[in-house]
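Engineer: After the sequence you'll find the predicted model.
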There are 2 protein chains.
Amino acid sequence: MARVQRDGGDDSAPTTELPAVRDQDPSAVSEPVTGSVNGRKVPMATDKARAIPEAAVARLAVYLRVLSGMAEQGAVTVSSEELATAAGVNSAKLRKDLSYIGTYGTRGVGYEVDVLTSEIERVLGLTGQQKVAVVGIGNLGHALANYGGFPGRGFPVEALFDVDPDLIGIPVGGLPVNHIDDIPDICAKRKIAIGVIATPPTAAQAVCDRLVDGGVHCVLNFAPVVLQVPEHVEVRKVDLAIELQILSFHVARNAEQRASRRAAAARASSNGEVV
Amino acid sequence: MARVQRDGGDDSAPTTELPAVRDQDPSAVSEPVTGSVNGRKVPMATDKARAIPEAAVARLAVYLRVLSGMAEQGAVTVSSEELATAAGVNSAKLRKDLSYIGTYGTRGVGYEVDVLTSEIERVLGLTGQQKVAVVGIGNLGHALANYGGFPGRGFPVEALFDVDPDLIGIPVGGLPVNHIDDIPDICAKRKIAIGVIATPPTAAQAVCDRLVDGGVHCVLNFAPVVLQVPEHVEVRKVDLAIELQILSFHVARNAEQRASRRAAAARASSNGEVV
DNA sequence: TGCTGTGAACGTGTTCACAGCT
DNA sequence: AGCTGTGAACACGTTCACAGCA
């Protein structure tokens, strides 16, 4: 029961449609796998050891991007230290992350760039194409429909939807916009794997339901609402307003610290203490 | 030392400019505040107890949004259970989160919506306005410049920048675009608090440096690169391609599980076992 | 010698369960 | 009786430090 939406549940942006950042996810990737419920938690052999921490999965995607940059520059092997630095993590964490997917390095040497690349792609399920549908062709939807990084990384945008009659039929990024009522049909026909919701928050839940009806199992939600979905559907959230508020918190905290450090310094100097 | 960029360092999107999701951040918000402890690590009285976990901060922003919705509907008080459900978390976590900012509830009753709202706003530093600059007026930059959720939540967009000469001077969302060479000047003059980078990845670091020169302490980075910044600067990252790859991982994992469950079921049934 | 792979220690964040007000 | 606030248990994720292989 309980677990309705995989994201711990953080969201934000008040009103409109351009939301943005958020991700993170407390639950381990592997499986909440609570067998029988609260009574206790059944061990429930989670198949293999598909136990890659969520946080590690996110970083693997980063390593992949860094690796592709290195491959372009002709690198053949990388050490954990090099790769870690380029990805902005420490080498111990990088090695631990890589150890979750297998052992593909050579001791005393490092990793072969192309081997590592394809292993990470395999684990992330990036060997095939995952078709994407974008719903809500406002400012953000336009941006997403035209985003080059999608098709370039195996995520071709293959359907667009909106409610606005003026938009229906208009091509955006070479693809015509369809009405949201056609979501279930079209998604099923075109085998859409991932639905991106870029609608105003009020429309998001209805859109999400239709995506699920169309057989979509993964949703990337830019609308600032908590979506209710069946258990087999994966939702990730991106909420710009929340990101800004988090930054705001850090500004406030730093300002406070500076202030109290000043106060402490003043106190200390008036006491003749050495700081 | 060490900590160059607050985000653990995950990023992604390969090529272009519309990147997207990522956040999370391992480090505790407050302070490692390790007493003197074994190795050592100076006691370093971390001022008050500004020890709010990063994850809790993100959720506080969510609660805030939910609360504003409730206030609109005329709610005066909420129980932790109601608020938690609406925010998509469990009530224990919600109460714990709220306990970090103080005790503003009434036992046996719940929380007053307006009190809680203003307390969260205070902690998040949302009492004043934080001026925002958007750099890179492509598809995403346009979307961000027009995003209603920014000004509506105390984050007015007050400067736009790009390199493209054709864009300079053109008003976007009522604000003219300036050249990125003017970033330091204009940010300093207009007291910009937060810089949003929506440029192609190749330009991101240079843009970031100029923002820092202009006195910006907080950066929201949509470009798929790991930014290097001085220690006092806070960077958050949003990388769309990474989000999709994470979803992709879950698709792959679920597919595998279904497959092996089928296999197990087949095995079991051929053994005459009851599943 | 050098770098990977990993068990074990550690720290952070989540959940539990109940004491304490109202 | 009900709901908050919170210490304590627990789970997850990160870091350490070193054994093991090339």
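Structural biologist: Received it, and whenever you're ready, just let me know what you need.

Engineer: quick one: the strands in the stretch 51-200 of chain A?
Structural biologist: A:77-78, A:105-106, A:110-112, A:132-135, A:157-162, A:171-172, A:175-179, A:194-197 (DSSP state E, counting those that start in this stretch).

Engineer: which one of those lies closest to B:Ile168?
Structural biologist: If you check each of the strands of the stretch 51-200 of chain A against B:Ile168 by C-beta to C-beta, strand A:171-172 wins as the nearest, at 26.0 Å. Just so you know, the C-beta spots here come from the backbone N, C-alpha and C atoms, and that holds for glycine as well.

Engineer: Averaged pLDDT, that closest one. What do you get?
Structural biologist: Averaging pLDDT along strand A:171-172 gives 96.

Engineer: so what does it touch, helix or strand wise?
Structural biologist: helix A:139-145 (3 or more C-beta pairs under 8 Å, 6 or more residues apart in numbering or on different chains; DSSP states H and E).

Engineer: Who are the contact partners of the nearest residue to A:Arg190 once chain neighbours are set aside?
Structural biologist: Nearest non-adjacent residue to A:Arg190, counting by C-beta to C-beta, 6 or more residues apart in numbering or on different chains: A:Glu158, 5.4 Å away. By C-beta atoms under 8 Å, 6 or more residues apart in numbering or on different chains, the contact list for A:Glu158 reads A:131-133, A:175, A:190, A:192.

Engineer: Any quick PyMOL command for the buried ones out of these?
Structural biologist: In PyMOL, this line selects whichever of the contacts of A:Glu158 come out buried by 16 or more other C-beta atoms under 10 Å in any protein chain shown:
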select buried, chain A and resi 131+132+133+175+192
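
Engineer: ok, so of the contacts of A:Glu158, who is nearest DNA strand D?
Structural biologist: Within these, the smallest distance to DNA strand D is 25.8 Å, found for A:Val132 (C-beta to the nearest atom of the strand).

Engineer: Show me what that closest one is bridged to.
Structural biologist: Beta bridges link A:Val132 to A:Val157, A:Ile194 when assigned by DSSP bridges.

Engineer: hmm, back to that, need the contacts of A:Glu158 in CSV with pLDDT, can you?
Structural biologist: Shown next, in CSV, are the contacts of A:Glu158 (pLDDT from 0 to 100):
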residue, pLDDT
A:Lys131, 96
A:Val132, 96
A:Ala133, 98
A:Leu175, 96
A:Arg190, 98
A:Ile192, 97
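
Engineer: Let's see the pLDDT reported for the residue nearest to A:Arg190.
Structural biologist: Looking at A:Glu158, its pLDDT reads 97.

Engineer: How much space separates it from chain B?
Structural biologist: Separation of A:Glu158 from chain B (C-beta to the nearest C-beta, to the nearest Å) stands at 14 Å.

Engineer: Look up how far A:Val134 lies from that residue.
Structural biologist: Distance of A:Glu158 to A:Val134, computed by C-beta to C-beta, to the nearest Å: 10 Å.

Engineer: for chain A, what are the low-confidence residue spans?
Structural biologist: Applying pLDDT under 70 to chain A picks out residues A:1-50, A:271-275.

Engineer: biggest helix in it, by residue count?
Structural biologist: Identified as the longest helix of chain A according to DSSP state H is helix A:240-271.

Engineer: elements contacting that helix?
Structural biologist: With contacts defined as 3+ C-beta pairs under 8 Å, 6+ apart, the packing partners of helix A:240-271 are helix B:54-72, helix B:149-152, strand B:194-197, strand B:218-221, strand B:234-237.

Engineer: Which one of these lies nearest to DNA strand D?
Structural biologist: Comparing the helices and strands packed on helix A:240-271 under C-beta to the nearest atom of the strand, the one sitting nearest is helix B:54-72, at 10.3 Å.

Engineer: for that closest one, the distance to its chain's centre please.
Structural biologist: Distance, stretch centre to chain centre, for helix B:54-72: 13 Å (C-alpha atoms, centre = their mean, to the nearest Å).

Engineer: before we move on, what about stretch A:247-259?
Structural biologist: Offset of stretch A:247-259 from its chain centre (C-alpha atoms, centre = their mean): 27 Å.
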